[in-house]
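Undergrad: fold the following for me, if possible:
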Amino acid sequence: MYYFDVMSDFDLTGRRVIVTGGASGMGAGTVRGFSRLGAQVVSLDLNEEAGGAVAKEVGAAFLTCDVTSQESVESAVKGAAGILGGLDVLVNAAGIAPFGSAAETSLATWERIIAVNATGTFLTNVAVFPHLRDGGGRVINFASSAGIIGLPAKAAYSASKGAVVAWTRTLAIEWAPYGITVNAIAPAIWTPMYDKTRSEMSPEALAAHDAALKRTIPLGGRLGDIERDFLPVIAFVASPASRFMTGQMFAADGGLLPMR
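TA: Just a heads-up that it's a prediction; the model follows:
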């Protein structure tokens, strides 16, 4: 007897999904992609204009949310679960990645990066737990190779993503008895945030950066595409097909980070 059904196990039809950071980049790509795959999606973002436009484009719902504020997160998650009639998946894509050397990083910059990337992960994950506790589900956080091997000129960002990795792996153990899988995506994908990073580099730094990509990303020597290289991976992690995988980091990065 065969229990694996390709169509049903990879199907997102009816999956009730919250996506943070849904106004741009991979968050917006997830809102669009999951909606096309049949999921019911509520997008959360601080940027109401852009987030609302993306959601409207694909028939998703949108709620304003500041992931650094416990009150805002709890209110938005409660509202989203009400709209969806429950919850199956959290995709926590909200994040920032300012460019700058470690020695020149101000305390304000450090605190802002930690607040959005690390504290935001903590707040959103804890807020969805009551909605997943009885029926199980998926929590998908956004990590980075920077959180494991470091990234020059992005020390604070690397530290924040290191926190996300440790938090994700710990939650995977704690929440397994509830049928909740907790995994992370480590993407190397071209986004508007990456465009901003490139714009902040000097011509010399940019040339060195591009040369490094060619050396370190075996598949093509460049960052991947949201539609072709990122969405299939995160859709799998959100689907029933990933039910026996937790505490993992899925590196959609062209081979940049060999996982062990």
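
Undergrad: surely residue 193 touches residue 23?
TA: No - with contact defined as Cβ atoms under 8 Å, residue 193 does not reach residue 23; the gap is 11.4 Å. Every C-beta, even on glycine, is put in place using the N, C-alpha and C of the backbone.

Undergrad: can you list the weak-confidence ranges in the protein?
TA: Residues of the chain meeting the criterion pLDDT under 70: 1-9, 259-260.

Undergrad: remind me, longest helix of it?
TA: The longest helix of the chain (DSSP state H) is helix 155-175.

Undergrad: compare residue 193 and residue 23 (neighbour count), which wins?
TA: The residue with more neighbours, out of residue 193 and residue 23, is residue 23; 26 against 17, by other Cβ atoms under 10 Å.

Undergrad: identify the residues contacting the more buried one.
TA: 43, 45-47, 50-51, 54 (Cβ atoms under 8 Å, 6 or more residues apart in numbering).

Undergrad: whichever helix or strand comes after the longest helix of the chain pairs with which strands, parallel or anti?
TA: Using DSSP states H and E, the next helix or strand after helix 155-175 towards the C-terminus is strand 180-185. Applying DSSP bridges, strand 180-185 is found paired with strand 137-142 (parallel), strand 249-250 (parallel).

Undergrad: send me strand 180-185 as PDB with only the CA atoms.
TA: Below are the C-alpha coordinates for strand 180-185, written out as PDB (Å, rounded to 0.1, in the frame of the first residue of the first chain):
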ATOM      1  CA  ILE A 180       4.700  21.600  14.800                       C
ATOM      2  CA  THR A 181       7.700  21.600  12.500                       C
ATOM      3  CA  VAL A 182      10.100  24.500  12.800                       C
ATOM      4  CA  ASN A 183      12.600  25.000  10.000                       C
ATOM      5  CA  ALA A 184      14.600  27.800   8.400                       C
ATOM      6  CA  ILE A 185      15.300  28.900   4.900                       C
END
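
Undergrad: list the buried residues for whichever helix or strand comes after it?
TA: Next in sequence after strand 180-185, counting helices and strands by DSSP H and E, comes helix 192-199. Buried positions in helix 192-199, judged by neighbour count with 16 or more other Cβ atoms under 10 Å: 193, 197.

Undergrad: stretch 89-106 too?
TA: Residues of stretch 89-106 classed as buried: 89-98, 100, 105 (neighbour count, 16+ other Cβ under 10 Å).

Undergrad: gap between residue 58 and residue 22?
TA: Computed as Cβ to Cβ, to the nearest Å, the residue 58 to residue 22 distance reads 10 Å.

Undergrad: over to residue 126?
TA: 20 Å.

Undergrad: who does the nearest residue to residue 132 once chain neighbours are set aside form a beta bridge with?
TA: Closest residue to residue 132 apart from its sequence neighbours, by Cβ to Cβ, 6 or more residues apart in numbering: residue 180 at 5.0 Å. Beta-bridge pairing for residue 180 (DSSP bridges): residue 137.
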